[in-house]
Every structure is written in C-alpha cells, then in structure tokens.
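> Sequence plus the predicted model coming up.
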Amino acid sequence: VQLQASGGGLVQLGGSLRLSCAVSGFTLDYYAIGWFRQAPGKEREWVSCISSSNENTYYADSVKGRFTISRDNAKNTVYLQMNSLKPEDTAVYYCAADRGCGTTYMGYWGQGTQVTVSS
C-alpha cells in the first residue's frame, strides 16, 4: 500500500493549489482518503476526507467553503483543491487511507507535501 502526495508549493495569500494523492497497491474504490496537515510546532490537524462507496465529503471548519476534496478512482488519485489560501494554511499536507474516514488516525499514510502561503 502506497500513497504519494504532490502538488504543494509556494503561493501568495488568496491563491490556489491542487494537491494530488496517488495511491497504489490497493483498489481505491474501497477506501476512504483523508487529508491532514501539520504546521511547525503544532499538532497534526485533520483537514478533509472523502468516503469510499458513497463519496461523502467532510471538512474541518477551518477549510470549509475554501477546500474541495474529490476522487478519480480510474486514476487511483484523490485531489484537494485549495482556494483562497491563507498564511495559516501553511503546513505539510499528508494523505491517508483507511476503510472509513477518521479525523485522528487512518491506517495508511503517504509522505507529505509542503504548502507555504505568503502574505
């Protein structure tokens, strides 16, 4: 089971980025995918999750209305579209997989991708 996050970078206040989480070694159809982030000196924070079968989506209050999670099972990829970015969104973003969405822990993790929002 492998997950690889990509798409991070440096963006200005109000800008947008799209993160991708490419998965391999398992069938994406049967797994929920979550995004988490960790800023320097802070605990890991849950950001969003998309369920497997019914594709329900969930968001932390801090990103609701600005971030959109989606999945393309044919491409084995989950996306996190991030709009109206703020400096407080600066963090390393991780994607994770499990049978269901979790806000504190999921079973499989990828390496992170750095997102930096400048003011």
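Here it is on my side, so go on.
> so Tyr105 sits in a strand?
No: counting by DSSP: H, G, I helix; E, B strand; the rest coil, Tyr105 is not found in a strand; it is coil.
> Which parts of this structure are strands?
For the chain, applying DSSP state E gives strands covering 2-6, 9-12, 17-24, 32-38, 45-50, 57-59, 67-72, 77-82, 91-98, 108-109, 113-118.
> how deep is the closest residue to Asn56 other than its chain neighbours tucked in, by neighbour count?
Counting by Cβ to Cβ, 6 or more residues apart in numbering, Asn56 lies nearest to Ile50, which is 7.2 Å off, once chain neighbours are set aside. Any C-beta I mention is one placed from the backbone N, CA and C, and that applies to glycine too. Other residues near Ile50 come to 22 when the count uses other Cβ atoms under 10 Å.
> Okay, and the beta partners of Ile50?
Taking DSSP bridges as the rule, Ile50 bridges to Ile33, Thr57.
> circling back to that earlier point, now tabulate the strands of the chain in CSV and tack on mean pLDDT.
Output for the strands of the chain, formatted as CSV (pLDDT from 0 to 100):
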stretch, mean pLDDT
strand 2-6, 96
strand 9-12, 98
strand 17-24, 97
strand 32-38, 97
strand 45-50, 97
strand 57-59, 96
strand 67-72, 96
strand 77-82, 97
strand 91-98, 97
strand 108-109, 94
strand 113-118, 98
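> Quick one: residues contacting the most centrally placed residue in the chain.
For the chain, the residue nearest the mean C-alpha position is Trp35 (2.9 Å; Cα atoms, centre = their mean). Trp35 is in contact with Leu19, Cys21, Trp46, Val47, Ser48, Cys49, Ile69, Leu80, Tyr93, Tyr94, Cys95, Ala96, counting by Cβ atoms under 8 Å, 6 or more residues apart in numbering.
> Let's see if you can find the most crowded of the residues you listed.
Of the contacts of Trp35, with other Cβ under 10 Å as the count, Cys95 tops at 31 neighbours.
> All set now, cheers.
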